[in-house]
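In: Model the following, please.
(2 chains)
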There are 2 protein chains.
Amino acid sequence: MTDSAKTPETSKSEPSEKRFLRALRREVVDRPPFWFMRQAGRYLPEYQAIRARSKNFLEFCYNPAMATEVTLQPVHRFGMDAAIIFSDILVIPDALGQKVAFEPGRGPVLEPIGEAKDLSPFDAEKQKAYLAPVYEALRLTKAALPPETALIGFAGAPWTIAAYMIEGGSSRDFEKLKAFAYGRPAAFAAIIDMLVEAVAAHLIAQVEAGAEALQLFDSWAGVLPEPQFQRWCVAPAAMIVRKVKAVHPDVPIIGFPNRAGALYGMYASESGIDAMSIDATVPLDWARDSLQPRVVLQGNLDPMMLVTGGEAMKADARRILAALAKGPFIFNLGHGVPQITPPSHVAELSALLQNWQPT
Amino acid sequence: MTDSAKTPETSKSEPSEKRFLRALRREVVDRPPFWFMRQAGRYLPEYQAIRARSKNFLEFCYNPAMATEVTLQPVHRFGMDAAIIFSDILVIPDALGQKVAFEPGRGPVLEPIGEAKDLSPFDAEKQKAYLAPVYEALRLTKAALPPETALIGFAGAPWTIAAYMIEGGSSRDFEKLKAFAYGRPAAFAAIIDMLVEAVAAHLIAQVEAGAEALQLFDSWAGVLPEPQFQRWCVAPAAMIVRKVKAVHPDVPIIGFPNRAGALYGMYASESGIDAMSIDATVPLDWARDSLQPRVVLQGNLDPMMLVTGGEAMKADARRILAALAKGPFIFNLGHGVPQITPPSHVAELSALLQNWQPT
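Out: Residues are numbered from 1 along each chain as shown, chains lettered A, B, ... in the order given. Here you go, the predicted structure:
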């Protein structure tokens, strides 16, 4: 009888063999593990083929067989060390009852909310039932993944989800969102607090369905001054980490406060996350000296280098490895794989990473 | 006979009386000087009234009387310590012969170029003649400004101008721009080199027309990894600074590598600028300890705090003053005044700054 037998949903087959999980635990690995944000996506023809079978993007996310298939596609093609379940950060507002649609060429469109009371109150059981297809996709994926490949669950962070909920979609200046957060902080806090509950519950349910690590995407963290960043990004992340760790103390959590600039330092120190994804603009010497002593780092090739390919891409990947691979490190991009990426470039980069030898 | 009599175009009336110029020279001032990026603009009804008289935005910029009038408007209303000449960073591609239009609600639209040879070669005399209305506006403004108010000239930085020239407008991911810069760096360098010449010539001509300080706006500096930031933002800024200082060694130059995050440090050390504008996301302790010893700092209230107004705005302004006003510092926003700003909030903030006493 092993320890893992007590929690069969989270049992890991040969966990010590998974390079990705070993790196997250700061164990020595033969080479840095790698995966790419949005590695399952439109740049792959086999993704497009599956995607074409479903008109509606959220329906597609909620189809466990399809979500499983596209999650596995890049792993089969390129052999990443981790797969991230195919889903979307906007399943949370969708589960909360907000109207969410994805319009081709325009991205997500939501019916903007004005107050927390515009939504039904958070109901953990209801959310778990509503998002059951996501958990089913995790179970199917876990069973189908190669034994050396780790499975990542994820959620959007409260600030970023709130941005979509209040702006009604993407935004350049986040005028509605900031007017709300700066002008009526108590009402805004009610929304953030509800999202902390919803996100933590969603992450916990993903671990129970087989996720071995979690990533919290705060895509719009980089637009806030320090006190607001602390209040609306770092503090909610810390609360989510506490809630998840209270139930699953050993599951590693990766935070991604995208474009946080010099504020990555505060996030590394105060959020309680185990690892931090950094965008492509973070200077490597600073990351190595100021961030890596505190958290496992993940990043940070410019996705447009992947589009460029060739020697420029390889030289930039080697620059990153030379700076960060001595510490605990997971190679990734600074943001998602662009749709215009030639799959052959992803293959070239994957081969470089698989064959990389520290000098 | 004073020194300044040798270069009558740049002579300053009582320069030591101008708080803004004294702060830029690191002299002790009674309180930090202030001005606001885009302080002349659509949030002011008196601006809208003038703007309505001209259909075309570039025609408006090239009308010296109108440009002068809108430059003076915020100074008359709020008493900023500096006025920035009303113009646009896209006068450079316009002068180079690229088709530039401003479409209401959509921003600038350019006919994208593919190569440096798609443009007529840079001709200093031709540019100076083409942009004569800008210089005339500077002369008129200089003559009309209150004696205590400094006059700032400006230009876009090569990387940011190139972004508009190649993308054909604003962009979210700068795919065309980065594909060009990363994939064909020699051809891209030809465009940047031409822009270094054009921008330096435009800045020098502005000093000759009465500008007492200069600001170089690199609005899209914040999307590049370190080596690319060094090559396409820092190095061109350094070349421009050298060219301007070779002719006008005493004119202070403010650089604004917007959203550069931790890379603000490299810009402060290597660009040769005298002062650096920082966006609202830069943490103040880090700015004070890592940046202010190297450059005069300018910033960094979140423009959405100005829209919010009231105690939230005032508290945030005081937070910035408490952290940075001991060093050489100019109070500003982290970005331009938003169109939705109530002018009364600008008045409130201006009064706070005019009455601020260090504790």
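
In: Look at the nearest residue to A:N56 once chain neighbours are set aside and say how many residues are nearby.
Out: Of all residues beyond its chain neighbours, the one nearest A:N56 is A:F102 (7.6 Å), with distances taken as Cβ to Cβ, 6 or more residues apart in numbering or on different chains. C-beta here means a position set from N, CA and C on the backbone, and glycine is covered the same way. When neighbours are defined as other Cβ atoms under 10 Å in any protein chain shown, A:F102 has 15 of them.

In: Where does A:F102 sit: helix, strand or coil?
Out: strand (DSSP: H, G, I helix; E, B strand; the rest coil).

In: Contacts only, for it.
Out: A:N56, A:F57, A:L58, A:P108, A:V109 (Cβ atoms under 8 Å, 6 or more residues apart in numbering or on different chains).

In: What residue in chain A comes nearest to chain B?
Out: A:G261 (2.8 Å; Cβ to the nearest Cβ).

In: Quick check, that residue in contact with B:W286.
Out: No - using Cβ atoms under 8 Å, A:G261 is not in contact with B:W286; the gap is 9.3 Å.

In: So A:R26: helix, strand or coil?
Out: coil.

In: from memory it sits against A:V296, does it?
Out: Yes - taking Cβ under 8 Å as the definition, A:R26 is a contact partner of A:V296 at 6.5 Å.

In: anything in contact with each of those two?
Out: With Cβ under 8 Å, 6+ apart, A:R26 and A:V296 have common neighbours A:P328.

In: Strands of the stretch 1-150 of chain A, residue ranges please.
Out: All strands of the stretch 1-150 of chain A, identified by DSSP state E, counting those that start in this stretch, fall at A:82-84, A:100-103, A:107-110, A:150-156.

In: So which of the ones you listed is the most surrounded?
Out: When these are scored by mean count of other Cβ atoms under 10 Å in any protein chain shown, the highest mean neighbour count falls to strand A:82-84 (a mean of 26).

In: can you put the contacts of A:F102 in CSV and add pLDDT?
Out: CSV is the format used below for these (pLDDT from 0 to 100):
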residue, pLDDT
A:N56, 92
A:F57, 94
A:L58, 94
A:P108, 92
A:V109, 92
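
In: who are the neighbours in contact with A:M239?
Out: A:V196, A:A200.

In: A strand includes it, no?
Out: No - assigned with three-state DSSP, A:M239 falls outside any strand and is helix.

In: quick one: it and A:E270, what's the gap?
Out: 12 Å (Cβ to Cβ, to the nearest Å).

In: tell me the contacts of A:F34?
Out: A:M80, A:D81, A:I330, A:F331, A:N332, A:S350, A:L353.

In: so which pair among those is furthest apart in space?
Out: Greatest spatial distance among the contacts of A:F34 (Cβ to Cβ): A:I330 and A:S350, at 13.9 Å.

In: about what we covered before: now render the contacts of A:F102 as CSV, adding distance to B:K314.
Out: Listed next are these as CSV, based on distance: Cβ to Cβ, whole Å:
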residue, distance to B:K314
A:N56, 48
A:F57, 44
A:L58, 43
A:P108, 36
A:V109, 36
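
In: which one of the residues you listed is nearest A:E136?
Out: Among those, and counting by Cβ to Cβ, the member closest to A:E136 is A:L58, at 15.3 Å.

In: what's the neighbour count on the closest one?
Out: So A:L58, with other Cβ under 10 Å, has 17 neighbours.

In: Pretty sure it sits against A:V100.
Out: Yes - counting by Cβ under 8 Å, A:L58 does reach A:V100; the two are 6.6 Å apart.

In: what sits in contact with each of those two?
Out: What both A:L58 and A:V100 touch, as defined by Cβ under 8 Å, 6+ apart, is the set A:L90, A:D94.

In: Okay, now stretch A:287-295: how far is its last residue from its first?
Out: 10 Å (Cα to Cα, to the nearest Å).

In: who touches it?
Out: A:264-265, A:268-269, A:273-276, A:278, A:282, A:297, A:299-300, A:323-324, A:327-329.

In: Swap in 6 Å and give it another go.
Out: Residues from elsewhere that reach stretch A:287-295, judged by Cβ atoms under 6 Å, 6 or more residues apart in numbering or on different chains: A:Y264, A:G265, A:A268, A:S269, A:A275, A:M276, A:I278, A:A323, A:L324, A:G327.
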